[in-house]
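Novice: give me coordinates for this.
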Amino acid sequence: MEHKAIVLFDGVCNFCNSSVNFIIKRDRKDYFKFSPLQSEFAKEYFNKNNIENNFNSIVLIENGKLYKKSSAALKIAKQLSGFWELAYIFIVIPPFIRNFLYDIIAKYRYKWFGRKDTCMIPDEKIRNKFI
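Specialist: I've put the predicted structure just below:
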């Protein structure tokens, strides 16, 4: 299967890096590619599409559309193996409600989970999943 989706994440955020590893372990269809928001790929994508890169959330690019915050998380969950795909049912909840909790976690993620000085460097085993 061709990679249909790209996940952009905060490369210096420990929680975000853990989330990427979580996705990789459950991405049995090899559906996702990954790139830090701080990468050249992300900068070029946002410049090319006239989008300001001020995201404080995970971003999903799927079929030419950009999803952020809880919408991105739920669309990612929909593609994962196991019962995670069932989480997509929460998409029926209005985004302003879903994103309330998401925004709290995003605001305090460095304080609660820490941050790195540099973006993670994927090991040889998963390097091909990164742009």
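
Novice: what about the helices in the chain?
Specialist: With DSSP state H as the criterion, the chain has helices at 14-26, 40-48, 69-79, 95-113.

Novice: report the buried residues of the third one.
Specialist: Buried residues in helix 69-79, defined by neighbour count with 16 or more other Cβ atoms under 10 Å: 69, 70, 71, 72, 73, 74, 75, 76, 77, 79. The C-beta positions use only the backbone N, C-alpha and C, and glycine is treated the same way.

Novice: name the nearest residue to the fourth one, ignoring sequence neighbours.
Specialist: Yep, that's residue 72 we're talking about. Leaving aside its sequence neighbours, residue 72 sits nearest to residue 60 (Cβ to Cβ, 6 or more residues apart in numbering; 3.8 Å).

Novice: returning to that earlier point: just the buried residues of helix 69-79 now: which is nearest residue 98?
Specialist: When these are ranked by distance to residue 98 (Cβ to Cβ), residue 70 comes first, at 3.8 Å.

Novice: so what's the closest one closest to, chain neighbours aside?
Specialist: Nearest non-adjacent residue to residue 70, counting by Cβ to Cβ, 6+ apart: residue 98, 3.8 Å away.

Novice: to what extent is that neighbour buried, counted in neighbours?
Specialist: By other Cβ atoms under 10 Å, 18 other residues sit near residue 98.

Novice: give me the pLDDT for it.
Specialist: Each residue has a pLDDT score; the one for residue 98 is 94.

Novice: hmm, it is touching residue 68, no?
Specialist: No - applying Cβ atoms under 8 Å as the test, residue 98 and residue 68 come out as separate, 11.4 Å apart.

Novice: how about low-confidence regions in the protein?
Specialist: Within the chain, the segments meeting pLDDT under 70 span 1-3, 118-121.
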